[in-house]
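Asker: Fold the following for me, if possible:
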Amino acid sequence: MNLVGIPSKIHSYNVYDDNHGGRRRGVGEECSLPDFEALSETISGAGLLGELDDPAPGHFGNMQMEIPFRLLDEEPVDLLDTSEAVRLTLRGAQQLLTTEGDTAFRSMRVVVRGKCASLKTGSLKAAAAMGASVTLNLFYIKIEVADQELVELDKLNSIFKIRGVDILQKVRLMT
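Answerer: Numbers count the residues shown, from 1 in each chain. Here you go, the predicted structure:
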C-alpha cells in the first residue's frame with residue numbers, strides 16, 4: 001500500500017505515564033500540544049533598515065501542555081507532585097488518504113517531561129464529566145511520525161534537533 005497521500009486526522013491516541021510503569025491514563029477527549037515560540041532579541045542600528053527580531057536557535061519561551069481528565073481522581077493528582085518530573089508518552093495513529101484512495105495509517109509518538117503548573121479540579125454535574133485537567137510546564141519534548149524524529153527539544157541538556165540534525169552541537173562544543 002502506498003503511504004504517500006493526504007494526511008487526514010488523528011484516528012486514535014492514548015497517553016501513557018512513564019513514571020508509573022507505562023500505565024495508560026484515562027484522559028479526556030483532546031490534548032493540545034505546546035507551541036514552540038522562539039525567544040528573540042530586537043536588533044537595530046547601522047546597516048539595518050529599521051528593526052528586526054533575531055531568534056536564538058534552540059531557545060523557546062515556557063511551553064505548557066494541558067492534560068484533560070474526565071474525572072478528578074488519583075490520575076491527575078499523581079501528576080501534582082512537583083518534586084518529581086512528569087514523564088508522559090502520547091501514542092497516536094495518523095490517518096491518511098493514499099493516492100489510490102485507500103485509507104492508511106502511520107504512527108505518531110510524542111514524549112514530554114515537565115512539572116505540574118496547575119491542577120483544575122473541574123466541576124460537579126450529574127451524568128457529566130468533571131473536566132479536570134493538569135497543566136504541565138515542559139522542559140523536554142520529542143515528536144516522531146512514522147518512526148522518524150521530527151523535533152526534539154531538551155531545555156535542561158541544551159539539545160535541539162530538527163529531523164535528527166542537532167542544531168546546537170557546535171554551541172555545546174564551544175561552551
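Asker: what are the bridge partners for the residue nearest to Ser32 when sequence neighbours are not counted, then?
Answerer: Distances taken as CB to CB, 6 or more residues apart in numbering put Glu66 closest to Ser32, at 6.0 Å, once the chain neighbours are dropped. In short, each C-beta sits where N, CA and C put it, glycine included. Bridge pairing for Glu66 (DSSP bridges) gives the partners Ser32, Thr135.
Asker: remind me which residues of this structure are low pLDDT?
Answerer: In the predicted model of the chain, residues 1-4, 26 satisfy pLDDT under 70.
Asker: let's see 90
Answerer: 1-5, 19-30, 74-75, 78, 99, 175 (pLDDT under 90).
Asker: For it, which segments count as helices?
Answerer: 74-78, 169-174 (DSSP state H).
Asker: Among these, which comes closest to Gly101?
Answerer: helix 74-78 (40.4 Å; CB to CB).
Asker: What residues sit buried inside that closest one?
Answerer: Across helix 74-78, burial judged by 16 or more other CB atoms under 10 Å covers 75-76, 78.
Asker: State whether the residue nearest to Ser32 and Gly131 are indeed in contact, as I suppose.
Answerer: No. Using CB atoms under 8 Å, Glu66 is not in contact with Gly131; the gap is 11.2 Å.
Asker: what lines up beside the strand ranked longest in the chain in the sheet?
Answerer: Ranked by residue count and defined by DSSP state E, the top strand of the chain is strand 103-120. Strand 103-120 has the following strand partners under DSSP bridges: strand 86-98 (antiparallel), strand 132-145 (antiparallel).
Asker: middle-most residue in the protein, spatially?
Answerer: Nearest to the geometric centre of the chain sits Leu33, at 4.4 Å (CA atoms, centre = their mean).
Asker: Spell out which residues sit in contact with that one, please.
Answerer: 65, 110, 141, 143 (CB atoms under 8 Å, 6 or more residues apart in numbering).
Asker: burial count for Tyr16?
Answerer: Tyr16 has 17 neighbouring residues, counting by other CB atoms under 10 Å.
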